[in-house]
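Participant: coords please:
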Amino acid sequence: MMRRWLAVFAVAAAFVAQAVPALAQASDVRVKDLGRFLGWRDNALVGYGIVTGLAGSGDSTRSVATRQALSNVLSRLGTNIPAEQLQSRNVAAVTVTATLPPSARVGDKIDVTVASIGDARSLAGGTLLMTPLLGSDQHTYALAQGALIVGGYNFRDNGNLRQKNYPTSGVVGGGATVETAVGADLLSGDGHLTFVLKDPDFTTAQRIADGLNQELGPDVAKVAGADAVFIDTDSAGGGISRMISRIENVSITPDQVARVVVNERSGTVVAGGGVQISSVVVAQGDIKVTVTAEHDVSQPFIYGGFAPNARSLIVTNSTLEVSDATDDSVVQLPNTTVADLVRALNQAKVSTRSIIAVLQAIKAAGALHADIIVQ
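Facilitator: Numbering: from 1, shown residues only. Predicted coordinates:
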């Protein structure tokens, strides 16, 4: 073990000594891929409905809410049946959720997700009855109805159970029709656009503003913070839509935050190629601890026979041995990058988990100039 680590760090030191550390050049990215305009957002919708047509896998008779909901539906259809007289297990109470995009128009179709809220075993083969989908203001924005697609099943008989995936939820593709459109109000009260960054960063925000000023004219864009850029629309001679299109297609080079993401469970290390490591000295020693246990059995024996209540006695003798390395390896690594170090350790056949341990030790020593995120 000692000789192996000595060879590993020797190879790593030789490799990084010859490598020329260079920051990875980030490629240009369109502004539209770095964030969104304030006011352009999706809207969550939710509703409560019932699914019918289940083959005895719906809610049990203990579900009062399901029986009451079915009774209400039948009463609206002209049939009045008290809830306590409904004993069918072919019905299930469900929640219906959907996302209304800001570009949706009246009559557009959107997908809905249906999930059981009772004790139904499976929604396979069911049909969702007409369900109003409400927004946060309790107004109806869409109506959902249609046959469910459930990617699983649940069959049981005489105590035997066969189940695949989660059959208590499903989707209705294009199952909701938009009844009320939601407009996107992109302009603020004083008539400017606000571009919001996905990952707040002052350097990236300033580069966006500089790129927009170069494309649209001086002093059109200004940084309002690490997460926002204000854009003046007074120069939008071709209309707001054309101006937004020009803004979205401006390419800039976003700044990269130095991070190293490690996942010891899967043995994954992800780091930017330009993450820097200062000159560091790595000392690797080796202490081997060996514990050997021997089990001896003592059989009871009585002259002229044996005692019926006597049992065998197991005696354990342990031996502890500690072997310390005769020499430790101390290797000095020059200024380099995480990419060069990991590449060198990979060439030296070092396991990914050992690489994670080395990076964590270098970070603890203050030589790794990046945040380590452990997943």
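Participant: could you give the number of residues near Q347?
Facilitator: 12 (other C-beta atoms under 10 Å). Backbone N, C-alpha and C define where each C-beta goes, glycine included.
Participant: give the residue spans of the stretch 251-375 of the chain that score low on pLDDT.
Facilitator: 273-274, 281-335, 348 (pLDDT under 70).
Participant: can you rerun that using 80?
Facilitator: Applying pLDDT under 80 to the stretch 251-375 of the chain flags the ranges 257, 262-269, 271-274, 278-358, 365, 374-375.
Participant: which residue ranges of it form strands?
Facilitator: Taking DSSP state E, counting those that start in this stretch as the test, the strands found in the stretch 251-375 of the chain are 251-252, 259-263, 268-271, 276-277, 280-284, 287-298, 313-324, 329-333, 336-337, 371-374.
Participant: ok, what's across the strand from S169?
Facilitator: Following DSSP bridges, S169 is listed with bridge partners A115.
Participant: counting neighbours, what do you get for it?
Facilitator: 17.
Participant: same question for I355.
Facilitator: 18.
Participant: run through the residues that contact it.
Facilitator: By C-beta atoms under 8 Å, 6 or more residues apart in numbering, I355 lies in contact with 269, 342, 345-346.
Participant: any idea how far S278 is from it?
Facilitator: Distance, I355 to S278, by C-beta to C-beta, to the nearest Å: 18 Å.
Participant: do the same with A55
Facilitator: 67 Å.
Participant: neighbours around the nearest residue to A367 once chain neighbours are set aside, how many?
Facilitator: Leaving aside its sequence neighbours, A367 sits nearest to V280 (C-beta to C-beta, 6 or more residues apart in numbering; 3.9 Å). Look at V280: counted by other C-beta under 10 Å, it has 18 neighbours.
Participant: bridged to V280, which residues?
Facilitator: Here V280, judged by DSSP bridges, has bridge partners L333.
Participant: shouldn't it be in contact with I362?
Facilitator: Yes: using C-beta atoms under 8 Å, V280 makes contact with I362 at a distance of 5.8 Å.
Participant: before we move on, the earlier item: the contacts of I355 in helices, which ones?
Facilitator: Using DSSP state H, 342, 345-346 are the members of the contacts of I355 that sit in helices.
Participant: in PyMOL, how would I select the buried members of those residues?
Facilitator: In PyMOL, a selection of the buried entries from the ones in helices among the contacts of I355 looks like this (16 or more other C-beta atoms under 10 Å):
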select buried, resi 342+345
